[in-house]
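S.K.: model the following, please.
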Amino acid sequence: MCGVCGIFSIKGEPVDVHQLTAMRDSMTHRGPDDAGNFFADQIGLGFRRLSIIDLASGHQPMDNEDGSISVIFNGEIYNYRDLRTYLLEKGHVFRTKSDTEVIVHLYEELGEAFVDRLNGMFAIAIWDRNLKKLVLARDRIGEKPLYYTRTGEHFYFASEIKAFLAVREVPKVLREDLLPEFLTFGNVYGDNTLLRGIFELLPGHILVLQGAESRVHQYWDTDYVPENDGSEAEAKARLKNLLIESVEMRLMSDVPLGAFLSGGVDSSLTVALMTQLMKQPVETFSVGFAKGFSELPYASQVSTLLRTNHHELVIDEQTFFESIPRLIYSQDEPINHSSAVPLHLLAAFAKRQGVTVLLSGEGGDELFGGYSSYAAMLRDLELKRLLPASLWRIASGPLDILGFQKHSKIVERYSGSVEDLIFGTQSILSKKDLGRLIAHTDFRADYFFNLLSRSDYSPLSKVLYAHLKTRLVSLLMKQDKMTMAASLEVRVPFLDYRIVQLAGSMPDQLKIRDGEGKYILKKVAEEFLPHNIIYRQKAGFPVPLATWFRKPNRFTEVLKERRTLDRGLFDPDTTDRILKRHERGEHDYSSTIWNLVNLEIWARLFVDGDTLEHYAPLPQVACTLTH
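M.R.: Numbers count the residues shown, from 1 in each chain. Model (predicted):
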């Protein structure tokens, strides 16, 4: 697990050593164990290493035998042993036992098609000296980040956006045209970022740069047209076998590892499989809040059942809010998911307990229809069929005037197409509120709607496919940035691409049946976990923002500061109205308030140039250990 970066001089001039090193060392948290630079001709590659596999000889950048191919790499290749055997049979000579060297020789053997053979999470940069070609590749699902920008005669890339802050030539300009999308989703999707000219290499894509010419192409996608052959029992057996294999592959490590455990079905099943595959008890880690609803009792129950070495972290409101500015810096973007804060604090806690790798249950909901919103969407579609769109449009006006904005927003969804209804279930703000808050509301969310455009997909398949490319990528970036800020790696067994493809091929009724999400996954879990764990009501991670924002809060006061008002991004009267309506309990605007404040703090760090010295250090959190 590492941080990578690079500079490519389009004119062929030597790369600035100091600039590359500054980019590299802005990501020391991603790799505190080792660092390396590579310079040749018009290229400079920088690398920070978190040592996990082949601790003694995994230094990067790494070359082939004659030095014509050089690689830097962030991530893990889980099938590298099989690939190593294949390459040895082809005559390649290895100097290490690392997965990095497998990439070197696989590219040497297959060229750009090397990426099709990889099973893992990765962001890879390859310099081909003979062809004067730079190749960047990102894993299929988007577990590892990779960003790039071009300015003047230089092309830059890095694992994190903050590396570009070290480059004076890269402008730091907010893309105000993306604010409607950000306020609607809490994110910007596709290859855009909130900084002008800085782009994200999309999951499953390769970027190739030769001279002044660049091209980007997609090397992988998955399909959501169900296969009709096979019984439910066969689907269950295939899923079970792949999950076991996936977990086993992700246990490879030369350093201590454990697992996040929330007590939900995904993380509990992951830990149950780890328990069967490991000789020693699994180290499990859970987090909760000092006041309010907590899932800690459920996690403790699973830990007792599976006999893990369980660790609990309890955080309070003050710790939560004091952590935010520095974690926005770690995230590179406004923090969309408030659960990012406890996630980082738990990762840092696990690191202090001596663990470097954790497995996570992320992805099960997006693959198998686990969120309640999916079943609700199917019910909405049935309700939408009861009345023509024109009558739903007529109903939305009076509801809005009477103050029933929640119902007005729902009716707004029913009045358009199926795609409009799906879009509406994802939006944080109604179009009316968005129009009051900012002037630029003329956006159509083209990237999201294009993902919904497959006419051969069912409505559920449309939204699951769209979430695979949007919401899940956002969650994975949260997970990567928050854990790597603590120098800790997370692996996600559910997102083995073979499981993703299997889930896509399953019919809707194996995902949601009688309103119950993750139907087939829960059938697998029944072999490993008790009924009350599998079928308890899903809670997600319940950060009590709605309650916290109903009282005076230093965090929300940011929206009233002169610096925020002078930025002029939002209508101040509408902002004040949103705050007051939330405080009075008239409407839950907690997600919008969260996004507005996060955006302002992010702008101060990434646009204005504030340094972290402006903010208090991350607090050290007390914890309790159990079991």
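
S.K.: okay, and the closest residue to Ala616 other than its chain neighbours sits in which element?
M.R.: Nearest non-adjacent residue to Ala616, counting by Cβ to Cβ, 6 or more residues apart in numbering: Glu322, 5.9 Å away. All C-beta atoms are positioned from the backbone trio N, CA, C, and that covers glycine. Assigned by DSSP states H and E, Glu322 falls within helix 317-331.

S.K.: counting contacts, what elements does that helix pack onto?
M.R.: Judged by 3 or more Cβ pairs under 8 Å, 6 or more residues apart in numbering; DSSP states H and E, helix 317-331 is in contact with helix 340-352, helix 471-484, helix 590-606.

S.K.: buried residues, the first one. List them.
M.R.: Burial within helix 340-352, assessed by neighbour count using 16 or more other Cβ atoms under 10 Å, is assigned to 340-350.

S.K.: out of the helices and strands packed on helix 317-331, flag the one nearest Leu194.
M.R.: helix 590-606 (7.5 Å; Cβ to Cβ).

S.K.: against which helices or strands is that closest one packed?
M.R.: helix 179-185, helix 317-331, helix 545-548, helix 562-567, helix 572-583.

S.K.: among those, which is nearest Phe47?
M.R.: Among the helices and strands packed on helix 590-606, helix 317-331 comes nearest to Phe47, with 19.4 Å by Cβ to Cβ.

S.K.: and that closest one, which residues are buried?
M.R.: Neighbour count says helix 317-331 has 317, 319-331 buried, by 16+ other Cβ under 10 Å.

S.K.: which intervals of this structure have sub-threshold pLDDT?
M.R.: Scanning the chain for pLDDT under 70 picks out 1, 51-58, 228-230, 292-293, 384, 386-418, 421, 440-443, 539-541, 620-627.

S.K.: just give me the residue closest to the centre of it.
M.R.: With distances taken as Cα atoms, centre = their mean, the residue of the chain nearest its centroid is Leu476 (1.8 Å).

S.K.: surely it touches Arg138?
M.R.: No - the criterion here is Cβ atoms under 8 Å, and Leu476 misses it with Arg138 at 11.2 Å.

S.K.: re earlier: okay, the buried residues of helix 317-331 in TSV with distance to Gln301 next?
M.R.: Below are these laid out as TSV (distance: Cβ to Cβ, whole Å):
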residue	distance to Gln301
Glu317	26
Thr319	26
Phe320	25
Phe321	30
Glu322	31
Ser323	28
Ile324	31
Pro325	36
Arg326	34
Leu327	30
Ile328	34
Tyr329	36
Ser330	32
Gln331	32
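
S.K.: nearest to Glu153 among the residues you listed?
M.R.: Of the buried residues of helix 317-331, the one sitting nearest to Glu153 (Cβ to Cβ) turns out to be Tyr329, at 29.3 Å.

S.K.: give me the nearest residue to the closest one, chain neighbours excluded.
M.R.: Nearest residue to Tyr329 in three dimensions, chain neighbours excluded: Leu605, at 5.4 Å (Cβ to Cβ, 6+ apart).

S.K.: between the helices and strands packed on helix 590-606, which one is nearest to Gly370?
M.R.: Set against Gly370 and scored by Cβ to Cβ, the helices and strands packed on helix 590-606 come closest in helix 179-185, at 19.5 Å.

S.K.: toward the C-terminus, what is the element adjacent to the closest one?
M.R.: Next along the chain after helix 179-185, taking DSSP H and E as the criterion, comes strand 198-200.

S.K.: from the chain's centre, how far out does that next one sit?
M.R.: Here the centre of strand 198-200 is set off from its chain's centre by 15 Å, with Cα atoms, centre = their mean, to the nearest Å.

S.K.: could you name the helices and strands sitting against that strand?
M.R.: The contact analysis (3+ Cβ pairs under 8 Å, 6+ apart) places strand 198-200 against strand 147-151.

S.K.: and the strand it packs on, which strands flank it?
M.R.: In the sheet, strand 147-151 lines up against strand 154-158 (antiparallel), strand 198-200 (antiparallel) (DSSP bridges).

S.K.: tell me the buried residues in it?
M.R.: 147-150.

S.K.: what sits up against that strand?
M.R.: 136, 155-161, 164, 167, 169-171, 193, 197-201, 207, 214 (Cβ atoms under 8 Å, 6 or more residues apart in numbering).
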